[in-house]
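Q: here is my input; please provide its structure:
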Amino acid sequence: MFKETLREVVEGTDGGIAGVLMDYEGFAVETFSRDDAEIDIQTVGMELSIVLKDVRRAAEQLDAGGMREFMFQSEKFATMVRTLTGEYVVALAMTPEANHGKGRFLLRIAAPKLIEALG
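A: Numbering: from 1, shown residues only. Below you'll find the predicted structure:
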């Protein structure tokens with residue numbers, strides 16, 4: 001179920017490359033990558049977990065509430081992260097020119113399905 005949902009998000013996003021469902025420690029529960037993906041989404045997730053913990057801590061220290069979304073863009077790809085629970089997030093890697101709005105929308109739609117399956 002997780003892989004199918006990730007596939008729907010990645011393939012439904014023009015410019016989608018790969019997706020990962022992971023915990024805040026960076027351990028992947030499930031991944032999906034297009035056949036031509038030039039990035040290792042598991043490695044991206046592990047490295048991203050370091051940044052996510054810092055962003056999460058900063059939001060708490062600023063009394064801004066819990067982190068819902070986080071996005072970063074580099075020369076080679078952009079990554080959108082959506083918090084699912086206090087332990088899990090889902091991330092979508094896209095090309096810099098991708099339809100980021102569509103990716104964000106599809107992550108938001110996929111979130112309740114993933115949360116229920118994590119049950």
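Q: wait, E30 touches R7, no?
A: No - with contact defined as C-beta atoms under 8 Å, E30 does not reach R7; the gap is 10.0 Å. Bear in mind the C-beta positions are built from the backbone N, C-alpha and C, glycine included.
Q: and the gap between the residue lying closest to V9 once chain neighbours are set aside and D63?
A: Excluding its sequence neighbours, the residue lying closest to V9 (C-beta to C-beta, 6 or more residues apart in numbering) is L106, at 4.5 Å. According to C-beta to C-beta, to the nearest Å, L106 stands 31 Å off from D63.
Q: pick out whichever of those two has more residues nearby.
A: L106 (23 against 6; other C-beta atoms under 10 Å).
Q: by contact count, what packs against the strand or helix carrying that one?
A: Using DSSP states H and E, the element containing L106 is helix 100-118. Counting contacts by 3 or more C-beta pairs under 8 Å, 6 or more residues apart in numbering; DSSP states H and E, helix 100-118 is packed against helix 2-12, strand 69-73, strand 78-83, strand 88-94.
Q: starting from whichever helix or strand comes after the first one, tell me which strands it pairs with and how they run.
A: This means helix 2-12. On the C-terminal side of helix 2-12, the nearest following helix or strand under DSSP H and E is strand 16-23. Applying DSSP bridges to the sheet, strand 16-23 is found paired with strand 28-33 (antiparallel), strand 88-94 (antiparallel).
Q: and among those strands, the most buried is which?
A: strand 88-94 (a mean of 25; mean count of other C-beta atoms under 10 Å).
Q: which strand or helix spans E47?
A: helix 41-61.
Q: that helix: which residues count as buried?
A: 41-42, 44-46, 48-49, 52, 56 (16 or more other C-beta atoms under 10 Å).
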